[in-house]
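Trainee: sequence isn't available, so here's the structure alone:
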């Protein structure tokens, strides 16, 4: 009997994977990149103290109360939550619960998230584009200035980037074999990312959905089933916490910070959702003690926003090379089978990058410079893939230098961007900009020559030197960032650009914080000096004096909150200094409608609150002005301790 072997059907055929460029030193090089990430994210990690005291206080609260851990409350007594979902503070809270309260225990999880992001990215690129591309991708992503900053800081973007990169890995595995369990895992990780930073997590969904529909193995029905499974998983994984919050009566949970009515859904659709895209939604502009400073912090919307003074130095160094890499990758694989994995990876990263570029360039609401950290994995992957693709094609046609010319042109374009970015801070690393352009020009000439003219070893050295030169600017930014103390809600990596509004420069060294865009830097954390506000960022926070904290602790009695203050940043500093709950009236910006005057009076009458500090909070129009007026008129000033401290015991009968 004769057995006829037939090609397996498309429904069963796995995705066509690109053969990786395996080289002996690949593993060692990738371990070296991971080690570099450990170095830049962990060395001198505590220079910023508690960094963003707003989130550090929430981490402390999460370590003291499991309900505060679940809700994401700023205080352990559950008055108000942070203006983000709780997953990031949950992680920090577990670290503080395990290791005790310290700058290290708050920031170490963020650094490990950065290392994890780099390692996962290299794993993705190695599977799809080869080991050399993985090494380049890891270097570019690890040294992206926004990444160096945010993986040494305690804003939610660190966890957001890790989870989305993990989702990309699961998605690539799903494309390899068409397994729905990997689709489910990718969707689950996106859902967890949603519970880290709400709608920003969903910006990757167009990339995943379109690439799955176009390149996943299997029949059309199988691909549709995959989309339906992913949709259901994303909805459930994203929405469970919001549903729980909406089902719990408002009287039995904290007020949702950043919302207008205490609803998590209101926050998603308003201040943390459509308000970011269209502006004019959510809490008012910045006040004097921590509110957003009106405007978007990162320049006017437009096609060149990512290259402006505020955002350029954070992410734009390799954007030209990434765009070229995307084009080259798609063009090179244009005749590949529909399920070609390398082309699918290029499409995924290209759509990931394109969606973020469009949104960040044209959104009219608040956009902080560190938001762009989530672009780093896509830029790294496209740069790594593009450089290695051009290099390999240059070798296949040694007498036709087109690939070499394209690579040389892309490197020169990135060198020009580096020259422009470094030129904005002429006193920072003087001479580096010219050196980068000069080295790039020389190496570009070598790469543009036909391969038969130049010895291969010289060509390899030229590529390595060119990449090293382009990384010189980000390395300089990384070194500066590692040595600088940052604080507040709008930190920015690297040297201060003179024309950049919305964030301040460093205040001089350890014990001082960089001025924050969101109303300056909060009051100093224990063991660290006071903060200085940056230009257009609002005035800096007050020092937390030991006389004030000692007095509040000694006279707290049985009160639920040690004191009520008019901004969350001030509340965070006092909480970190005392370890006790503080009522952050008005939430982060001081403009949230919590508490009402009647609620405050009820808390005073019941003995749950005795002391109030007024002033220094509220946005335009004085969100807490009614409370402030009542406190001044009815409570007793304790001017011997603080000019703004009032004792309200007995004020309500």
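Mentor: Received it, and whenever you're ready, just let me know what you need. Keep in mind it's a predicted model, so treat the numbers as computed, not measured. Numbers count the residues shown, from 1 in each chain.
Trainee: for residue 329, which non-adjacent residue is spatially closest?
Mentor: When the adjacent residues along the chain are set aside, residue 329 lies closest to residue 346, with 3.7 Å between them (CB to CB, 6 or more residues apart in numbering). Quick note: C-beta positions are derived from backbone N, CA and C, even for glycine.
Trainee: ok, the one you found to residue 128 distance?
Mentor: The gap separating residue 346 from residue 128 is 8 Å, by CB to CB, to the nearest Å.
Trainee: shared neighbours of the two, which are they?
Mentor: Contact criterion CB atoms under 8 Å, 6 or more residues apart in numbering; residues shared by residue 346 and residue 128: residue 385.
Trainee: show me where the stretch 351-500 of the chain has strands.
Mentor: Applying DSSP state E, counting those that start in this stretch to the stretch 351-500 of the chain gives no strands.
Trainee: which regions of it lie under the pLDDT threshold?
Mentor: 395-400, 451, 499-500 (pLDDT under 70).
Trainee: for residue 645, grab phi and psi.
Mentor: The phi/psi pair for residue 645 (degrees, to the nearest 10) reads phi -90, psi 130.
Trainee: surely it meets residue 615?
Mentor: No - look at residue 645 against residue 615 with CB atoms under 8 Å: they stay out of range, at 10.0 Å.
Trainee: which stretches of the chain form strands?
Mentor: With DSSP state E, the ranges of strands along the chain come out as 564-565, 583-584, 611-613, 636-637, 645-647.
Trainee: for the fourth one, packing partners?
Mentor: Strand 636-637 is packed against strand 645-647, with contacts defined by 3 or more CB pairs under 8 Å, 6 or more residues apart in numbering; DSSP states H and E.
Trainee: same question for the first one.
Mentor: In terms of contacts (3+ CB pairs under 8 Å, 6+ apart), strand 564-565 is packed against strand 583-584, strand 611-613.
Trainee: nearest to residue 40, of those strands?
Mentor: Of all these, strand 583-584 sits nearest to residue 40, with 33.4 Å by CB to CB.
Trainee: now the helices: where do they sit in the stretch 251-400 of the chain?
Mentor: Assigned helices in the stretch 251-400 of the chain, in chain order: 264-269, 275-278, 312-315, 319-332, 341-362, 376-396 (criterion: DSSP state H, counting those that start in this stretch).
Trainee: in this structure, what helix or strand scores lowest on average pLDDT?
Mentor: helix 275-278 (a mean of 86; mean pLDDT, DSSP states H and E).
Trainee: how far away from the center of its chain is it?
Mentor: Taking CA atoms, centre = their mean, to the nearest Å, the mean C-alpha location of helix 275-278 is offset from the chain mean by 18 Å.
Trainee: and stretch 71-91, by the same measure?
Mentor: 18 Å.
Trainee: flag every buried residue along that stretch.
Mentor: Residues of stretch 71-91 classed as buried: 71-91 (neighbour count, 16 or more other CB atoms under 10 Å).
Trainee: over to stretch 199-209?
Mentor: For stretch 199-209, burial by neighbour count (16+ other CB under 10 Å) applies to 200-201, 203-205, 207-209.
Trainee: can you check stretch 478-496 too?
Mentor: 478, 480-482, 484-496.
Trainee: first to last residue in it, what's the distance?
Mentor: Stretch 478-496 has an end-to-end distance of 13 Å (criterion: CA to CA, to the nearest Å).
Trainee: distance from it to the middle of the chain?
Mentor: 14 Å.
Trainee: please apply the same query to stretch 258-273.
Mentor: On CA atoms, centre = their mean, the centre of stretch 258-273 falls 20 Å from the chain's centre.
Trainee: buried residues in that stretch?
Mentor: 258-260, 262-273.
Trainee: what's the farthest-apart pair in those residues?
Mentor: Farthest pair in those (CB to CB) is 262 and 273. Separation: 16.1 Å.
Trainee: measure the residue positioned nearest the centre of the chain to residue 133 for me?
Mentor: When the chain is reduced to its mean C-alpha position, the closest residue under CA atoms, centre = their mean turns out to be residue 157, at 2.4 Å. According to CB to CB, residue 157 and residue 133 sit 25 Å apart.
Trainee: coming back round to it: with residue 588 as the reference, name the closest of the helices of the stretch 251-400 of the chain.
Mentor: Here helix 264-269 is closest among these (CB to CB), at 11.4 Å.
Trainee: residue 647: what's it in contact with?
Mentor: Residue 647 neighbours (CB under 8 Å, 6+ apart): 610-611, 635-638.
Trainee: 7 Å - rerun?
Mentor: 610-611, 635-636, 638 (CB atoms under 7 Å, 6 or more residues apart in numbering).
Trainee: hang on, the earlier thing: just name the most buried of the helices of the stretch 251-400 of the chain.
Mentor: helix 312-315 (a mean of 28; mean count of other CB atoms under 10 Å).
Trainee: let's see the pLDDT reported for residue 250.
Mentor: Note on residue 250: pLDDT of 95.
Trainee: what of residue 652?
Mentor: Residue 652 carries a pLDDT value of 85.
Trainee: ignoring the adjacent residues along the chain, who's closest to it?
Mentor: The nearest residue in space to residue 652 (CB to CB, 6+ apart) is residue 605, at 4.1 Å.
Trainee: can you tell me how far the one you found is from residue 135?
Mentor: 65 Å.
Trainee: same question, residue 263
Mentor: 47 Å.
Trainee: so where's the stretch 151-300 of the chain shaky on pLDDT?
Mentor: In the stretch 151-300 of the chain, residues with pLDDT under 70: 280-296.
Trainee: please redo it, this time with the cut-off set to 80
Mentor: Scanning the stretch 151-300 of the chain for pLDDT under 80 picks out 279-297.
Trainee: with the stretch 551-653 of the chain instead?
Mentor: For the stretch 551-653 of the chain, the stretches with pLDDT under 80 are 615-624, 653.
Trainee: now the helices for it?
Mentor: Taking DSSP H, counting those that start in this stretch as the criterion, the stretch 551-653 of the chain carries its helices at 568-578, 597-605, 625-634.
Trainee: and among the ones you listed, the most buried is which?
Mentor: helix 568-578 (a mean of 30).
Trainee: residues contacting the nearest residue to residue 415 once chain neighbours are set aside?
Mentor: Closest residue in space to residue 415, ignoring its immediate chain neighbours: residue 440 at 3.5 Å, by CB to CB, 6+ apart. Shown in contact with residue 440 (CB under 7 Å, 6+ apart): 411-412, 415, 466, 469-470.
Trainee: those: which two are farthest apart?
Mentor: 412 and 469 (11.0 Å).
Trainee: the two: which is more packed in?
Mentor: A direct count of neighbours by other CB atoms under 10 Å for residue 412 and residue 469 places residue 469 higher, at 23 against 20.
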